[in-house]
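K.L.:
coordinates for the following, if possible.
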Amino acid sequence: MEKVSIDPKKYVVFDVETNGLKSKEDDLMSISFFKPDDGKTYNRFLPLELSCVVKTTKYNGITEEMLKDKLPLTQEEFDEVIKEFELDKRTILTFSGRNFDEVFLREYLHRKKILGFDRLKFKNLKKQIITSRYSGGEASKDNLCKMFNIPKVSKIHTGINDCILEWELFKKLGESYYLVMEGIYKYDVFKLNPDYIIPVSYLQKYPNLSKLLKDRQYVVCESNEIYNLEIDAHDLDKFQTNISGMTIEHLIYSMLNVQKQDSKPFLTENKQKLEWIGEIPDTLGTIFMDFNSDGTVTAIGEENKTIEKEINKVNNHLKERIVPLIEYIKNDIFNMKPIMSQELVIDREQNILALCDLSSEDTVLEIKTNNKRTDEYKEQIFYESNGRKCYHLSMEWKYVDGIVERIIFHVFNVNVGIGNAPERWTDESRKRTWEKTSERLQARIKSKKIKIIDFVGSTSPIIVECLKCGNIWKTSYSTITASSFKCRDCHKRRKAEIDRKRRSEKKKNSEYITKPHKSFNSDERLKKMEKNLNEKVLDISGGTIEVSNYIGAKYNVTATCKKCMYSWQIRPDHLIDRCYCRKCKNKDSSYQ
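P.N.:
Okay, the predicted model is just below:
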């Protein structure tokens, strides 16, 4: 990587430790400054004022005892810090989602009526790291430091150490921007090059990338629905992340018998314009698939074979029901002309390329397997169109009690062109909008009995907890905003219950009459199987773990530790293999 000259006399590094994620509700517990030119440091603990207990000790090592008898920051002290560290003359470096550190300091000073914040100029290094909205936030400060071989990365974050890490990271990053792209079981990190032609789909996939191209021409669009198809979906399911989207698009391609265009040589040459820097492990386990010509998929990796079977089963049912849609696309959209997929269109003036989902010499059809509005993809459709007629196919997933009941396919006729950008399309308006994102997300999922317990930005993983079963998992911004967002464990239980009811009703309404015979009813059988499982688990765990809520071998049970009363959700066979309480085994485990 090209060395960039960094003048340490122009910068100060800043970091905070907090008692939560909300600047108006959670305490600022410490502020730290580091002057890289002379090594001078400032680390100041602040008292708890909005809460009586520290909730984040396992992340930052700060305890109530460490904050005992600490005094709030004063105007005189802050003025002295500004003078000593030249905060009003230097650029203040941070690394945080949504300008987290800057916002917490601003809110604290406002609450204390301390003046001087408006004299400070911040630079957030995280904005130089361009990540996908579907990633799990692997491009963290710690992971980037490890990639660059920067020492002293610690699981327990402390202000001064984080400041030093951020300075060393800044020296590596310089003023360049870096693109973090998904690979197989890893993320590749590339340094952006001005000669690189940017795929228009990246403007949706990588939110920060769109800001780098803010001077591009503004696209306007109008659309109207011209066709829809509603199908029964009681035996279908929508998979989280973008798995459903990719596999359903592939199914449509195979049913239309499209002519796939070979754009790989150009795309490979274009990608080589990026400078490969290193790689970061994919800790969330991205699932990769091979797409077969018959519309099925083959998972890469034996651990993904189960979901491969589920996807192929769903798509096999879907294939039978979307025949009218396929006929409409063939006859009414493309007029029986040969259909291409992945046609390459390049706008060299704007330095943007597009790959068409479906196209012919005079028509383009963009497929999106969600119910988002057409204008959210207007740039993609505009660059694909190249003067041709444009259409947009979307899918609407209808849910009842968390189960997909109906799917509606919508086809829109789209007109796109160049227009004037409205005032709301500015950086300042976007900033004001993102400040309200956390509260809006929580309000959105409140009715689903799911609570956000960790949110640091739209491009970072969001940690949520199901208030019904206690399940805790990582998700992404795009997933949590989808109508299908739900607790997978509760969903499986609900679906199993509905399937049993349907089988029971089908049996009652059957025309055939069978002779009665002696057997356990379903409740008795489940109770017996739960008893057997419980006895086995108690024996293996030495009487420390018991089981409840058994509904079948493939569904999670509730395991409870009798020592600490911690409960978690786990499949029966997995519990047999790992028959111990994670909390008791690793009480000092750190946030990952």
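
K.L.:
other SSEs contacting the longest helix belonging to the chain?
P.N.:
Counting residues, the longest helix in the chain under DSSP state H turns out to be helix 488-508. Under the contact criterion of 3 or more CB pairs under 8 Å, 6 or more residues apart in numbering; DSSP states H and E, helix 488-508 touches strand 403-419. All C-beta atoms are positioned from the backbone trio N, CA, C, and that covers glycine.

K.L.:
starting at the chain centroid, how far to the strand it packs on?
P.N.:
Chain-centre distance of strand 403-419: 23 Å, with CA atoms, centre = their mean, to the nearest Å.

K.L.:
hmm, back to that, next structured bit after the longest helix of the chain?
P.N.:
Using DSSP states H and E, the helix or strand that follows helix 488-508 in sequence is helix 522-540.

K.L.:
what's that next one packed up against?
P.N.:
strand 545-548, strand 557-561, helix 572-577.

K.L.:
outside of the last one, which residues touch it?
P.N.:
Just to be clear, that refers to helix 572-577. With CB atoms under 8 Å, 6 or more residues apart in numbering as the test, helix 572-577 has contacts from Leu533, Lys536, Val537, Ile540, Ile545, Val547, Tyr550, Ala553, Val557, Ala559.

K.L.:
now do the contacts for the first one.
P.N.:
In this case it means Leu533. Going by CB under 8 Å, 6+ apart, Leu533 touches Val547, Tyr550, Val557, Pro572.

K.L.:
starting at the chain centroid, how far to the longest helix of the chain?
P.N.:
Centroid separation for helix 488-508 versus its chain: 30 Å, with CA atoms, centre = their mean.

K.L.:
buried stuff in that helix?
P.N.:
By neighbour count with 16 or more other CB atoms under 10 Å, helix 488-508 contains the buried residues Asp489, Cys490, Lys492, Arg493, Lys495.

K.L.:
separation between the fourth one and Tyr550?
P.N.:
Which is Arg493. 11 Å (CB to CB, to the nearest Å).

K.L.:
also Leu209?
P.N.:
Per CB to CB, Leu209 is found 48 Å from Tyr550.

K.L.:
Lys583 too?
P.N.:
Distance, Lys583 to Tyr550, by CB to CB: 22 Å.

K.L.:
re earlier: closest to Pro265 among the contacts of Leu533?
P.N.:
Pro572 (50.6 Å; CB to CB).

K.L.:
show the pLDDT at the closest one.
P.N.:
Listed pLDDT for Pro572 reads 88.

K.L.:
check Leu251 too.
P.N.:
For Leu251, the model assigns a pLDDT of 87.

K.L.:
likewise for Ser510?
P.N.:
So Ser510 comes in at 58 (pLDDT).

K.L.:
what's the answer for Ser244, then?
P.N.:
pLDDT, Ser244: 67.

K.L.:
same question, Val416
P.N.:
Val416 is given a pLDDT of 91.

K.L.:
that one reaches Val219, doesn't it?
P.N.:
Yes - counting by CB atoms under 8 Å, Val416 touches Val219, with 6.0 Å between them.

K.L.:
got phi/psi on the residue lying closest to Leu256 once chain neighbours are set aside?
P.N.:
Nearest residue to Leu256 in three dimensions, chain neighbours excluded: Ile339, at 5.5 Å (CB to CB, 6 or more residues apart in numbering). With angles defined as degrees, to the nearest 10, Ile339 sits at phi -110, psi 130.

K.L.:
from Ile326, how far off is Ile339?
P.N.:
Taken as CB to CB, the span from Ile339 to Ile326 is 11 Å.

K.L.:
which neighbours do the two share?
P.N.:
Taking CB under 8 Å, 6+ apart as the contact rule, Ile339 and Ile326 both touch Leu256.

K.L.:
more crowded one of those two?
P.N.:
Neighbours were counted for Ile339 and for Ile326 using other CB atoms under 10 Å; Ile339 has more, 20 against 16.

K.L.:
one step back: and the contacts of Leu533, which is closest to Asp188?
P.N.:
Nearest to Asp188, judged by CB to CB, of those is Pro572 at 38.4 Å.

K.L.:
look up how far Thr558 lies from the closest one.
P.N.:
Distance of Pro572 to Thr558, computed by CB to CB: 11 Å.

K.L.:
look at these two and report which has more neighbours.
P.N.:
Using other CB under 10 Å as the criterion, Pro572 and Thr558 rank with Pro572 on top: 20 against 16.

K.L.:
ok, the spatially closest residue to Val16 that is not a sequence neighbour - contacts?
P.N.:
For Val16, ignoring the flanking residues on the chain, the nearest one in space by CB to CB, 6+ apart is Asp101 at 4.7 Å. Contact analysis of Asp101 by CB under 8 Å, 6+ apart lists Phe14, Asp15, Val16, Thr94.

K.L.:
test for you: state the pLDDT assigned to Lys155.
P.N.:
At Lys155, pLDDT is 84.

K.L.:
burial check on it, number of neighbours?
P.N.:
Residues near Lys155, counting by other CB under 10 Å: 12.

K.L.:
report the secondary structure state of it.
P.N.:
Counting by DSSP: H, G, I helix; E, B strand; the rest coil, the backbone at Lys155 sits in coil.

K.L.:
and the angle from the helix or strand hosting Met255 to strand 403-419?
P.N.:
If you go by DSSP H and E, Met255 is part of helix 243-256. Computed by axes from the mean of the first three to the mean of the last three CA atoms, to 10 degrees, the angle separating helix 243-256 from strand 403-419 equals 80 degrees.

K.L.:
which residues touch whatever helix or strand comes next after helix 243-256?
P.N.:
As assigned by DSSP H and E, the chain's next helix or strand after helix 243-256 is strand 259-260. For strand 259-260, the external contacting residues (CB under 8 Å, 6+ apart) are Tyr253, Pro338, Ile339, Met340, Ser341, Gln342.

K.L.:
list just the nearest of these to Asn224.
P.N.:
Set against Asn224, the nearest of those by CB to CB is Ile339 (22.7 Å).

K.L.:
that closest one contacts Val258, doesn't it?
P.N.:
Yes - Ile339 is within contact range of Val258, at 4.8 Å (criterion: CB under 8 Å).

K.L.:
need the residues touching each of these two.
P.N.:
Both Ile339 and Val258 are in contact with Leu358, where contact means CB under 8 Å, 6+ apart.

K.L.:
sorry, back to before: who's more crowded, Lys583 and Tyr550?
P.N.:
Neighbour totals were compared for Lys583 and Tyr550, and Tyr550 leads with 20 against 15 (other CB under 10 Å).

K.L.:
which ones are touching the nearest residue to the more buried one once chain neighbours are set aside?
P.N.:
In this structure, Tyr550 finds its nearest non-sequential neighbour in Glu530, 3.6 Å apart by CB to CB, 6+ apart. Shown in contact with Glu530 (CB under 8 Å, 6+ apart): Val547, Ser548, Tyr550, Val557.

K.L.:
what's across from the closest residue to the second one other than its chain neighbours in the sheet?
P.N.:
Translated: Ser548. Distances taken as CB to CB, 6+ apart put Thr558 closest to Ser548, at 4.8 Å, once the chain neighbours are dropped. Beta-bridge pairing for Thr558 (DSSP bridges): Ser548, Gln569.

K.L.:
do you know how far Thr558 is from Asn532?
P.N.:
Distance, Thr558 to Asn532, using CB to CB: 16 Å.

K.L.:
can you check Lys141 too?
P.N.:
Taking CB to CB, one finds Lys141 at 49 Å from Asn532.

K.L.:
who has more neighbours, the two?
P.N.:
Higher neighbour count among Lys141 and Asn532: Lys141, with 20 against 12, using other CB under 10 Å.

K.L.:
give me the distance between the more buried one and Tyr108.
P.N.:
Counting by CB to CB, the gap from Lys141 to Tyr108 is 22 Å.

K.L.:
could you pull up phi and psi at the one residue sitting closest to the centre of the chain?
P.N.:
Nearest to the mean C-alpha position of the chain, by CA atoms, centre = their mean, lies Ser476 at 2.1 Å. The phi and psi torsions at Ser476 (degrees, to the nearest 10) take the values phi -120, psi 170.
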